[in-house]
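**Student:** have a look at this prediction, sequence included:
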There are 2 protein chains.
Amino acid sequence: MAEQPLNFEIQAREGEARAGIMTTRRGVIETPVFMPVGTAGTVKGIRFEELESPELDARIILGNTYHLWLRPGIETIRACGGLHKFIGWERAMLTDSGGFQVWSLGALRKITEAGTEFRSHIDGAKCFLSPEISMEIQAALGAEIVMAFDECAPGEATADEARQSMELTLRWAKRSREAFDQLERYGTARGSERVPNRRSVVGVEVDPLATASGSVSGQALFGIVQGASHLDLRLDSLELTVAIGFDGYALGGLSVGEEKPVMLEVIEDIAARMPTDKPRYLMGVGTPEDLIDAVARGLDMFDCVLPTRNGRNGQAFTSQGRLNIKNARYLNDQLPLDETCECSVCRRHTRAFIRHLYQSGEMLASILLTHHNLAFFLDTMRRVRQAIRSGKFAKFRREYTEQLSSGLG
Amino acid sequence: MAEQPLNFEIQAREGEARAGIMTTRRGVIETPVFMPVGTAGTVKGIRFEELESPELDARIILGNTYHLWLRPGIETIRACGGLHKFIGWERAMLTDSGGFQVWSLGALRKITEAGTEFRSHIDGAKCFLSPEISMEIQAALGAEIVMAFDECAPGEATADEARQSMELTLRWAKRSREAFDQLERYGTARGSERVPNRRSVVGVEVDPLATASGSVSGQALFGIVQGASHLDLRLDSLELTVAIGFDGYALGGLSVGEEKPVMLEVIEDIAARMPTDKPRYLMGVGTPEDLIDAVARGLDMFDCVLPTRNGRNGQAFTSQGRLNIKNARYLNDQLPLDETCECSVCRRHTRAFIRHLYQSGEMLASILLTHHNLAFFLDTMRRVRQAIRSGKFAKFRREYTEQLSSGLG
């Protein structure tokens, strides 16, 4: 059997929901999986040791191509031996293509057939990103999973706008695939003495999580299905993206302003038609409820800034819904953030203390809320996987959702 | 033998330097000891789990009476069962009296015989702190060591100003002692149903660090020697403070603007005359060199914000001196902050990565620099203790100081 960049095996199903194993050159990842977002090479507010601890046990984290490209820059990351070595993380990573980040810049960007011209949010410098450049940057970063360079249409785009955007994404997907394959064959354009050949990396890295369940090598490339809220466009996008051929498929351009029922309808209609033997990745979504709704529709991978960003803003995700630690009702509250949570924050600290830290502007407030929220998201996905494997996902989903809406106090 | 609030035993000497054991109701503390500063109930930027880890193993941390009194307020801390329970820290604590903090407010304060009137730095509210109020707050906080309420003269004070300030501190020391003793006998003025009697606390707390080497109970009260840079005043202050009688003695009002040789002269002259059987605490000092210089002159306890504050500002303390992570020379630097350091930060992360985090405004920069700096200070003191116990302190001091000034790169 030829070496694959990614081995994906579904081991249990319940309805559309599926539980499986994804093997990368840096370890085994059980799906459905939540991937904490590490924009600038750090999951904000938490040390890597905590992410690796059995309590969180994050098997894969994200890095953002756009941010890392602008700062510290690819030359530095190359000089430091690639992204994993630069940041000190030996587990798997996924890098986005920069497409969505650049799209988010709004008025600061200009899109042409060749690529996207934009100004850096750091120093205003003029930059240009294309499928080929994104692939070269992602090759230098060296994540296990890299994403095709795409364009994202807003949720309220007209059918015409959305079609143009989707068709551009398709042409870019083809160019991404070609550039990726060329880099894979010949190393990067800058020469292999500066960029470690991806295949050679496999030999030198010791993988603490690897098992014998699949020989994998190199980077995997995922394609992205676009088409805004238009089902016909989404279907065309899916068909033509699959025709190009990728190691996994993502749903992009969701949770960007459309109504939640619209998002779920797109997921439901498209997921059912996505290749069953490849990982399905819902980009940038969402709340714990969203994740479970998407798992129920057959999605396998998720990333979202909610647990980290909302944590820094004083919000805790709990089994009974969200808790705003700024609320005066928590002034003397001796309970943990979540009474049913067994994370190190909930075992040790009270709402009263964390509220005090937040009100005092203490960094520890962000640190503790981030830790708890990530523990909550990762534990939810652990329970989702167990539920699917034991054929009790429907029951789990019903009970989890009921409890979520039961409210705090 | 009657129960003492603090048991202090010197076990080794080399010159004036001494290594000993201080037993509190919340564990054994080896001296000389560095105490991380936890101003608002948190040592900024680090979790308590890290402080307790064998790598740092901080046996005692500080809390600031002034800050905790203003926010969250004593009512909240009482409602949450005292400071230890409120913040989730079971090891020993020391609270300052608020005197120095209020003094630092400068123009915002007005000092009278009765106490100090000042405006809160948080909301401008008018507040009043006196020896009696400070003792009552510190009783409610419940630290193992509490400090007499003092007044601090600036380093450049005239002899007259310094004498007036020192004499006021003496009268306040006496009032502090009396208020403390009364609280110790009768519980706080607010009634024992709201404030746990200190002696009863001993019964319910499980102390993970306690040994059989001393039965201790209640809070210990330390007096503070003032007198600015005037040796005659310092000597008077020492004699009359000792006459009042405390469980330990502190040198206050140093490192507040005077020249370093002046500070060392005061320490040298006064430390030699301080009671030999009580802990000697140098307040708010200093750099690793300062700590070692003071240990050589017979001091046992230290606290300082340098490792945490400078960490947040991008500065690392290393065995070869200070390193400013902002410096462009570290852009691609693959070395750890300190090549000889074995802390978890230095084992995992490079200067290049930490510089990138700092430049990107990432919280993890502060977290990692704080952790390393505290590890460096605490490890230095561990090595100081070992050196004194093995009769090699003079050699250690010489080598440590030489290496410190060898410079980076």
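**Tutor:** Okay, I see it.

**Student:** C-alpha from now on. contacts and neighbour counts both.
**Tutor:** Noted.

**Student:** what does the stretch 1-150 of chain A put close to chain B?
**Tutor:** Residues of the stretch 1-150 of chain A lying near chain B by Cα under 8 Å from any Cα of the partner chain: A:40, A:42, A:44-47, A:71-72, A:76, A:79-80, A:86-88.

**Student:** can you redo these as a markdown table with pLDDT, distance to A:L170 and secondary structure?
**Tutor:** Listed next are these as a markdown table, based on pLDDT from 0 to 100; distance: Cα to Cα, whole Å; DSSP: H, G, I helix; E, B strand; the rest coil:
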| residue | pLDDT | distance to A:L170 | secondary structure |
| --- | --- | --- | --- |
| A:A40 | 96 | 28 | coil |
| A:T42 | 98 | 31 | coil |
| A:K44 | 98 | 33 | coil |
| A:G45 | 98 | 36 | coil |
| A:I46 | 98 | 37 | coil |
| A:R47 | 98 | 38 | coil |
| A:R71 | 96 | 29 | coil |
| A:P72 | 97 | 30 | coil |
| A:T76 | 97 | 32 | helix |
| A:A79 | 97 | 33 | helix |
| A:C80 | 97 | 34 | coil |
| A:F86 | 98 | 33 | helix |
| A:I87 | 98 | 33 | helix |
| A:G88 | 98 | 35 | coil |
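
**Student:** and of the residues you listed, the nearest to B:S390?
**Tutor:** A:R47 (36.9 Å; Cα to Cα).

**Student:** any idea how far A:L368 is from A:I325?
**Tutor:** For A:I325, the distance to A:L368 (Cα to Cα, to the nearest Å) stands at 12 Å.

**Student:** go on, A:M283?
**Tutor:** 26 Å.

**Student:** who has more neighbours out of these two?
**Tutor:** Shown here are A:M283 and A:L368; by other Cα atoms under 10 Å in any protein chain shown, A:L368 has more neighbours (24 against 19).

**Student:** my read: that one touches A:V345, true?
**Tutor:** Yes - between A:L368 and A:V345 there is a contact at 6.2 Å, judged by Cα atoms under 8 Å.

**Student:** ok, back up a step: which neighbours do A:I325 and A:L368 have in common?
**Tutor:** A:I354 (Cα atoms under 8 Å, 6 or more residues apart in numbering or on different chains).

**Student:** so A:C127 belongs to a strand, correct?
**Tutor:** Yes - A:C127: assigned to a strand according to DSSP: H, G, I helix; E, B strand; the rest coil.

**Student:** bridging residues for it?
**Tutor:** A:F118 (DSSP bridges).

**Student:** residues near it, how many?
**Tutor:** A:C127 has 12 nearby residues by other Cα under 10 Å.

**Student:** next one: A:E402
**Tutor:** By other Cα under 10 Å, neighbour count at A:E402 equals 14.

**Student:** then the one 3 residues further on?
**Tutor:** For A:S405, the number of neighbouring residues by other Cα under 10 Å comes to 12.

**Student:** identify the residue nearest the geometric centre of chain A.
**Tutor:** A:D303 (3.0 Å; Cα atoms, centre = their mean).

**Student:** contacts only, for it.
**Tutor:** When contacts are counted by Cα under 8 Å, 6+ apart, A:D303 touches A:34-37, A:62, A:282-286.

**Student:** among those, which two are most distant?
**Tutor:** Among the contacts of A:D303, A:L62 and A:G286 lie farthest apart (Cα to Cα), at 14.7 Å.

**Student:** how close does A:V37 get to chain B?
**Tutor:** According to Cα to the nearest Cα, to the nearest Å, A:V37 and chain B sit 13 Å apart.

**Student:** got it, and A:F317?
**Tutor:** Distance from A:F317 to chain B, by Cα to the nearest Cα: 20 Å.

**Student:** same deal with A:L233?
**Tutor:** A:L233 is 39 Å from chain B, by Cα to the nearest Cα.

**Student:** counting neighbours, what do you get for that residue?
**Tutor:** Neighbour number of A:L233 under other Cα under 10 Å is 21.

**Student:** again, but for A:E339
**Tutor:** 12.

**Student:** just A:E75 next, same as before
**Tutor:** Count around A:E75 with other Cα under 10 Å applied: 17.

**Student:** quick one: contacts of whichever strand or helix holds it?
**Tutor:** Using DSSP states H and E, A:E75 maps to helix A:74-79. With Cα under 8 Å, 6+ apart as the test, helix A:74-79 has contacts from A:68, A:83, A:86, A:137, A:140-141, A:194-195, B:331-332.
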